[in-house]
Structures are given as C-alpha cells and as structure tokens.
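[1] Got a predicted model here, sequence first, then my questions.
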Amino acid sequence: MTLFGITIVSFGISVLVPVRAETVNLSQQALANPEVVAAFRAKFGLDLPIWEQYLRYLGGLLHGDLGLSQQTGNPVSADLANYAPATLELVVYATLMSLVAGVVFGIIAAAMRNRWPDHLARIVSLVGVSLPTYWLALVGSTFFFRQLGWLPGSGRLDATMMPPPRVTGFYTVDSLLAGQFDVFQSAVAHLVLPASILAISTLGMILRFTRSSVLDGLGTDAVKAAKVKGLPTHRVLMRYGVRMASSPIITVAALSFGFLLAATVYVEQIFSWGGMGQYAYRASTNLDLSAITGISVVVAVIFLLVNFLADLLASAFDPRIRLQ
C-alpha cells in the first residue's frame, strides 16, 4: 500500500511540472518540427491521457519495467542497476561511521550526564543537525581537496586506475576480492571525504537518540536494583542502559540510512560520484520523467527493506517487541 501511494505521488509530481519534456530534451531546430515533437511524445507516451500514462506506468512496474530514460535512451532499470552500487557503497559507509561515532559519544554523554563531555556532545549534536549537507560538501571539498590537498576531490578512483572486476559494485569489496590492493587504497581514499560529510549530517540525530535512550534505560527499576546489589557502574551501563537502548538505536539508524539516500544528491554532484544521486540530479535538470519516478520508487523500496530489517533486528534485541 505504501509503494502504491509512492507511485501516485511521484507520478503526480512529474505530471504537474509546468515544463514540457520536449522543450528540455530537444534542440530548437527539432522543436520547430511538429513531426519530431510528436514522435518524441509518442515514444515516451506523453501524448496519452494522464490516467492512461499512469496505468501504463503501473503495469510496467509490475513487470520490473521503469520506462526509458530520456537523457540516456536506456531502460531506467538498467541505468539504476549501474548507478545504485556507487550510492549504496557511499551510504553504507556513511551510516556505519555515523552509527559508531553517534553511539559511542551518546553512551559517554549519558554516562557523564551534565558534565563537560555531555555538554560537548550536545553541541556536536546541534551543529551536526543544523549544518546543511550541501554546504558541508562545498566547504569540505574546498578545504581538504583544493587548499590542503589531503584527500581526493572527485570520482570513486584515481583517473589512472581502472575499476576492479564487478562482483558487488562496491569498489572497496570488489578490489579486495580481485586482490587489487592499490585500487582498494584509492577507493577508500575517495570514500573518506564524501562519506564523512554524509555521516556528520546524521551524527547529531543518532547521538541524541542514543543519549536519551541510555538515560531512559538507566532510570528503570532494574538498574536501581542492580546498583543496590553493588554491581559496578560500567556493568550496569552496558548490561542495562545500552541493551535497553539498542532497539531505538537500530530504528534511528534505519531512518538515517533513508535520509542519507536522499542527501547523496548534493554530495554526489559536488564530488562527481557517479551514483543514483548524480543520476537523479541530471534527470531533474533534464526533466527526465521516467528516471525521476523510477528513482523515487527504487529509493522507496530500499528504504522499506531497510526498515523491515531494522524491525527484525530490534525484535531480536528487545524481548518486549517479540511479545507484542
């Protein structure tokens, strides 16, 4: 039902755009020829009534057909299969970085409540939530690449290197499988800056959720009883506070993953990453309606799958969810 609603929204937005697709994709000479314009609209089904376009699109979805891209001329599903691994690699590493840092600092902040580590964590959380992702990407690229030259500024590999044989589409994984350690080193170096910028954008949210969840766990009767029995503070913290906070942490990690999928549009364009984000940017600027709706549906499916897995993990860590 959720996916059905997403198809309606994404298709509706693409239809309501006040610009005709042919004006963006055809030259002035082609636009002056009514036959060329009519052939273009017929090829992509733009001459059909809106309800018929939607039913045609929905029928194609049921068969895995996302339509033809107006900018590449390829099936959108083929384009996304080519671009998706780059985006997923970036988002997975960014989520892991954000999750590790956010959970560690959140636990420290909860354990040292109202002391300087807690105040510092709150400041970091506020800054991470407040700064726009595109601004961080521009500043990071300018400072670390153009001025200091510490990190690569664009692409997934050095220009002189060939991609490793494709197995997963993740350059870091495929290079290790192929034994190409120089390619692995280059892939990691190119990942550091864009992944760190994406991680900063969700670090504050994970940190705050972790801190509040651990504090809630430490305030339960079970923790009070453990302290009365004389259990060490660190054992109480890890056994009760962190364990009780695991379910909310998993949930917010899944939400962060979905947020980062959307945020890659800015980061990939700035760093020329060559993933779904950059593909989405080009589709929107070229008014590629099939690509826009296809990306929306694929991202929604990925987000729903991640949330489903998060629910399974949360139920494994929290017995109360299993009982419900």
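    Ah, there it is.
[2] Around Met112, how many other residues sit close by?
    The number of residues packed near Met112 is 14, by other CB atoms under 10 Å. The way it works is simple: take the backbone N, C-alpha and C, and place the C-beta from them, glycine included.
[3] And for it, nearest residue in space, chain neighbours not counted?
    Using CB to CB, 6 or more residues apart in numbering and skipping the chain neighbours, the partner closest in space to Met112 is Asp118 (5.4 Å).
[4] What pLDDT does the model give that neighbour?
    Asp118 carries a pLDDT score of 81 in this model.
[5] Please, which helix or strand holds it?
    Using DSSP states H and E, Asp118 sits within helix 116-130.
[6] Need the contact partners of that helix.
    105-106, 108-110, 112, 200-205, 207-208, 211 (CB atoms under 8 Å, 6 or more residues apart in numbering).
[7] Tabulate the CA atom coordinates of that helix in CSV.
    Extracted in CSV, the C-alpha atoms of helix 116-130 (Å, rounded to 0.1, in the frame of the first residue of the first chain):
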residue,chain,number,x,y,z
TRP,A,116,31.6,18.6,30.2
PRO,A,117,31.5,15.5,27.9
ASP,A,118,27.7,15.7,27.9
HIS,A,119,27.7,19.4,27.1
LEU,A,120,30.2,18.8,24.3
ALA,A,121,28.1,16.0,22.9
ARG,A,122,25.1,18.3,22.9
ILE,A,123,27.0,21.0,21.0
VAL,A,124,28.2,18.4,18.4
SER,A,125,24.7,17.1,18.0
LEU,A,126,23.3,20.6,17.5
VAL,A,127,25.9,21.5,15.0
GLY,A,128,25.5,18.2,13.1
VAL,A,129,21.8,18.7,12.8
SER,A,130,21.9,22.4,11.8
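[8] following it, which helix or strand shows up next?
    helix 133-140.
[9] tilt between that next one and helix 116-130?
    110 degrees (axes from the mean of the first three to the mean of the last three CA atoms, to 10 degrees).
[10] Show me what counts as buried in helix 133-140.
    In terms of neighbour count (16 or more other CB atoms under 10 Å), helix 133-140 has its buried residues at 133-134, 136-137, 140.
[11] can you redo the residues you listed as CSV with distance to Val92 and pLDDT?
    Below are these laid out as CSV (distance: CB to CB, whole Å; pLDDT from 0 to 100):
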residue, distance to Val92, pLDDT
Thr133, 17, 83
Tyr134, 21, 82
Leu136, 19, 84
Ala137, 18, 85
Gly140, 19, 84
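[12] just how off-centre is the helix holding Asp118 within its chain?
    23 Å (CA atoms, centre = their mean, to the nearest Å).
[13] Kindly report the same for stretch 66-79.
    Centre-to-centre, stretch 66-79 and its host chain are 21 Å apart (CA atoms, centre = their mean).
[14] ok so, going back, just the buried ones from the contacts of helix 116-130, in PyMOL syntax?
    Command for PyMOL, covering only those of the contacts of helix 116-130 found buried under the criterion 16+ other CB under 10 Å:
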select buried, resi 105+106+108+109+110+200+201+202+203+204+205+207+208+211
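[15] Closest one of the contacts of helix 116-130 to Asn286?
    Among those, Ser201 lies closest to Asn286 (CB to CB), at 26.7 Å.
[16] Regarding the closest one, which helix or strand does it belong to?
    Ser201 belongs to helix 181-218 when assigned by DSSP H and E.
[17] quick check: angle from that helix to helix 133-140?
    Using the same axes, to 10 degrees: helix 181-218 against helix 133-140 is 130 degrees.
[18] who does helix 181-218 touch, helix- and strand-wise?
    Helices and strands touching helix 181-218, by 3 or more CB pairs under 8 Å, 6 or more residues apart in numbering; DSSP states H and E, are helix 76-111, helix 116-130, helix 133-140, helix 171-177, helix 243-271.
[19] how about Val103, what does it touch?
    The contact partners of Val103, taken as CB under 8 Å, 6+ apart, are 206, 210, 249.
[20] ok, the residues you listed vs Ile302, which is closest?
    Taking the contacts of Val103 together and measuring to Ile302 by CB to CB, the closest member is Ile206, at 19.3 Å.
[21] That closest one - nearest residue in space that isn't next to it in sequence?
    Leaving out its chain neighbours, the residue that sits closest to Ile206 by CB to CB, 6+ apart is Gly102, at 3.0 Å.
[22] give me every residue that touches that neighbour.
    By CB under 8 Å, 6+ apart, the contact set of Gly102 is 202-207, 209-210.
[23] With Val188 instead?
    Thr172.
[24] related to what we said a few turns ago, which among the contacts of Gly102 gets closest to Ser284?
    Closest approach to Ser284 among the contacts of Gly102 (CB to CB): Thr202, at 23.2 Å.
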